[in-house]
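>>> Need coordinates for the following:
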Amino acid sequence: MLPLPSWRIPRGAIGASRGPVPWQTRRGQATFGWSTHHAANRILLLVALLLALPCSATVTATADDAPTTKPTASGDALVAEYFRRETRSLADACLADVKDQADWQAKRPEYARQLREMLGLDPLPERTPLQASTTGVVERDGIVVEKLYFQSSPQLYVTANLYRPAQSTGRLPAILYVCGHGPVKKDGVSYGNKVTYQHHGAWFARHGYVCLIIDSLQLGEIEATHHGTHRFGMWWWLSRGYTPAGVEAWNCIRALDYLQSRDDVDGERLGVTGRSGGGAYSWWVAALDERIKAAAPVAGITDLHDHVVDHCVEGHCDCMYMVNTYRWDYPQVSALVAPRPLLIVNTDRDSIFPLRGVVSTYEKTRPIYELTSKTPPLGLTIAPGPHKDTQDLQVPVFRWFDAHLKAQPRLIEEAAKPRFTPEELRVFSQLPTDERNTTIHESFVAAASPPLPRDAQEWKSQSEGYRESLLTKAFRAWPAQPEPLDVRPAYDKTVDGVRMRAYDFTSQTPYGLRLYVAQRADLAKPDLVVLNVLDDAHWTEFQSIYAGAFADLWKDAVLPEADEKVSAANRKMFASFPWAMAYVAPRGVGPTAFDPAERKQTHIRRRFYLLGQTLESTQTWDVRRAIQTLRTTDLKSTPLWLQSHGSMAGVTLYASLFEPQIRRLDLYGLPQSHRVGPTLLNVQRYLDMPQAVAMAAERSSVVLYEDRPEETWQYPRELAKRLEWSAKQLQVRALPKGDQ
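Numbers count the residues shown, from 1 in each chain. The predicted structure follows:
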């Protein structure tokens, strides 16, 4: 057994699972080991010396240390500029490839399919029996209200009120009215947002229409959720490719099925309207279902600029958004309604659907309508006022349907007003016990269950399919034509035998990042270089290690306190082992960190999602660019290892799948499912972390560190056994006790 190093390190100065480190500590004794962990292990030291295993230094703050708040103005400005650039790019591309009517006719079916996919509706769910049931009837003022429900899918209940004239003959045109966020709740009982919008149904019924008002998923009598990413941190919704907008769209489609099943409805004269959230749902169903012959969404759409650049996303829950895989701006949704009559309605002081974006959407939609008609049935009505259901908005909508579903334009002489109590409109006296409304996000978009391949040929086919799915569904927003790296040496200094270099490079404008490389000053040719991909905690620890000797690396930055004993230990590590350590902080980490406030972090992440990406998918790109930058230096032919922790380990794993000649991955606490992280659009529809690990292990040696190694990663283990991979290709090892 080789002797342990003899220098001492203060208790708590280094260690716990915060980053890749060259030593471990136990009761103050420094020892060489695999990673940043407390428990000393002499066997690991021997293995390290024999196999030249990589390590890097880290420092963990003690419990008594007060956290330091670091300024994020630079990072906030960078992400804002990035969002402006990406939004402008998507806006410029929106419908730009449509040159004439033939173009539109050729492209429209694929656009409709893409929208279905982005709502989780491709393929469409099975049209199971609606099992519609009426639970009661109310009659007043010449109106009959049927209280009913149907199941859009088994146990997915849609509560509704159907308004019809008390006296009528023949089949009537019908309006599907979809509700915005107008909760009505008394003594803990939800009566559904249909109660808030009852005046619309009553007006239509008094003027010769059948009107079906359906509750939304969240604010119905069965209270489910629209707020997965907005409020509850359910970022796995994005990895699943789930949005409650898809459920609302499906409920609307099935509502049309219900209307067409009625003897008193003319199934060829169906219209849709609604305001706010209901305005958005009007867009979805009008774009997807050509049974809608006229549409009048109110205050339900604006463009990406308003949502992303001008902060409107912060006022909207997830039901307003598709999973933007194909990177659309919203005029592409409204264009799908053409050539059917479409009236866009909004107020001029609506803070969450600003007038600028509403008008822009109209102006970009109009050319598509003009391709199909000399007198396009496209209208824009702007009324004065805030985001509110006003008579100035209602009257144009009523006239629109009179003109296009009845061909009887007329003056509106009667105001829409509520006529019933919430209790009168309640559908369920007892909620169904078998409902799936409250858990529909778990099953509406199915997670893939990839089978274990039988042989190498089947695995080859599967893994190629996974790679294609990743590129087209998860990483589609990666630049098709990457910018030049523009690598620029930024720093080169030697202190006490350790040489630190830094290289600035362009990852994706405006993100210029920095790659750091440290090694023994006299080491001409390292045996290997380890690229450490840093998250926030490890960035701080990286600075702690090098702040004493290389403080001028971070001019004007607030640095953690350096510990000379830790720096000395770091120097001894470089003196003992012939490797180089490289470090990179992807966007959102370290110098480019965003405002740490929870609300800000949430809505920054949601902005990425609106642009058809995630923070983690852009960080994966940054890691790829850091690898490419490292290969422009004198280390370009040096064997490359990657190392990272937690969710950032997942980012590193995926980066390795798209860069050649990665010798080894050391991943600590890698999430075992994308339900935990990292968040990548749609990924769970095709594969999950075990399949990604297997893909990496086929290309590189992969070492996973887990607290229960014997219980984890069964899929890649079994695959490795079945395909007779070398034992070095996939290893699962225990985390030291201090990290468990």
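>>> Can you show me the strands along the stretch 551-700 of the chain?
Secondary structure of the stretch 551-700 of the chain (DSSP state E, counting those that start in this stretch): strands at 579-584, 640-645, 664-668.
>>> how about those in TSV, adding mean pLDDT, mean neighbour count and distance to residue 132?
Just so you know, the C-beta spots here come from the backbone N, C-alpha and C atoms, and that holds for glycine as well. Written out in TSV, the entries for those read as follows (pLDDT from 0 to 100; neighbours: other Cβ atoms under 10 Å; distance: least, Cβ to Cβ, whole Å):
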stretch	mean pLDDT	mean neighbour count	distance to residue 132
strand 579-584	96	27	58
strand 640-645	97	27	53
strand 664-668	97	24	52
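>>> possible to save those strands as a markdown table with distance to residue 259?
As requested, the strands of the stretch 551-700 of the chain are arranged in a markdown table below (distance: least, Cβ to Cβ, whole Å):
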| stretch | distance to residue 259 |
| --- | --- |
| strand 579-584 | 57 |
| strand 640-645 | 54 |
| strand 664-668 | 53 |
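>>> closest to residue 570 out of those strands?
In terms of Cβ to Cβ, the element of these nearest to residue 570 is strand 579-584, at 9.3 Å.
>>> Strand partners (parallel or antiparallel) of that closest one?
Paired strands of strand 579-584, with direction, are strand 511-520 (antiparallel), strand 528-533 (parallel) (DSSP bridges).
>>> picking that back up, what's the closest of the strands of the stretch 551-700 of the chain to residue 318?
Ranking the strands of the stretch 551-700 of the chain by their distance to residue 318 (criterion: Cβ to Cβ) puts strand 640-645 first, at 29.2 Å.
>>> For stretch 353-366, give the mean pLDDT please.
Looking at stretch 353-366 alone, the average pLDDT works out to 97.
>>> With stretch 221-235 instead?
Computed over stretch 221-235, the mean pLDDT rounds to 96.
>>> Please apply the same query to stretch 502-513.
Averaged over stretch 502-513, pLDDT sits at 98.
>>> Give me the residue ranges of this structure where confidence is low.
Counting by pLDDT under 70, the ranges of the chain that qualify are 1-69, 736-740.
>>> Just name whatever secondary elements the longest helix seen in the chain is in contact with.
Longest among the helix segments of the chain by residue count, using DSSP state H, is helix 73-93. Contact analysis of helix 73-93 by 3 or more Cβ pairs under 8 Å, 6 or more residues apart in numbering; DSSP states H and E lists helix 304 as its packing neighbours.
>>> at 10 Å instead, please
Counting contacts by 3 or more Cβ pairs under 10 Å, 6 or more residues apart in numbering; DSSP states H and E, the secondary-structure elements packed against helix 73-93 are helix 304, helix 331-335, strand 498-508, strand 511-520, helix 598-610, helix 615-630.
>>> now the ones you listed in TSV, with mean neighbour count and distance to residue 536?
Written out in TSV, the entries for the helices and strands packed on helix 73-93 read as follows (neighbours: other Cβ atoms under 10 Å; distance: least, Cβ to Cβ, whole Å):
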stretch	mean neighbour count	distance to residue 536
helix 304	29	28
helix 331-335	24	36
strand 498-508	20	18
strand 511-520	21	15
helix 598-610	19	11
helix 615-630	24	12
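>>> What is the burial count for the residue lying closest to residue 635 once chain neighbours are set aside?
By the measure of Cβ to Cβ, 6 or more residues apart in numbering, the closest residue to residue 635 outside its immediate chain neighbours is residue 529, 4.9 Å from it. Applying the criterion other Cβ atoms under 10 Å, we find 23 residues in the vicinity of residue 529.
>>> Look up how far residue 498 lies from residue 529.
Computed as Cβ to Cβ, to the nearest Å, the residue 529 to residue 498 distance reads 15 Å.
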